[in-house]
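# have a look; sequence and predicted model below, questions after that.
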Amino acid sequence: QVQLVESGGGLVQAGGSLRLSCVASERSFRSYAMAWFRQAPGKEREFVACISWSGKSTDYVDSVKGRFTISRDNAMNTVYLQMSSLKPEDTAVYYCAISRSARVVLASIAADFGSWGQGTQVTVSS
């Protein structure tokens, strides 16, 4: 099973930026779609962004469109989430996940993802 390790979270003021990284333990990573989800206290886990196995297709939840960018470096087994113009409502634990099936273009439902990282906390102060 692929292991995923996130990093890059922290405390930032509203309007600031952060870049999250997620490193996969296996080279098979490059054949799978990757996604970021987040979970705020007292709320359900929410889809944030997804990138296809090829990197050619991306999808975002409406609330982050134009502010967040998902990308991947298959040579480094890493997926990124560049977050800009951060808002207090972006505060959450952010998780990366890998799709259950290879060659998936895009997915946004948690059940479509088979392995998850441990999460990294993002806190945006007003």
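Happy to help now that I have it.
# distance from the chain centre to the strand of greatest length in the chain, please.
Ranked by residue count under DSSP state E, the longest strand found in the chain is strand 92-102. Centroid displacement of strand 92-102 relative to its chain, using C-alpha atoms, centre = their mean, to the nearest Å, is 7 Å.
# what ranges do the helices span in the chain?
Assigned by DSSP state H, the chain shows no helices.
# surely residue 40 meets residue 87?
No: counting by C-beta atoms under 8 Å, residue 40 sits too far from residue 87 to count as a contact (11.9 Å). All C-beta atoms are positioned from the backbone trio N, CA, C, and that covers glycine.
# separation between the residue nearest in space to the middle of the chain and residue 52?
Taking C-alpha atoms, centre = their mean as the criterion, residue 36 is the residue nearest the geometric centre of the chain, at 2.2 Å. According to C-beta to C-beta, to the nearest Å, residue 36 stands 14 Å off from residue 52.
# likewise for residue 97?
Using C-beta to C-beta, one gets 14 Å for the distance from residue 97 to residue 52.
# these two: which is more packed in?
Applying other C-beta atoms under 10 Å to residue 97 and residue 52 shows that residue 97 carries more neighbours, namely 25 against 19.
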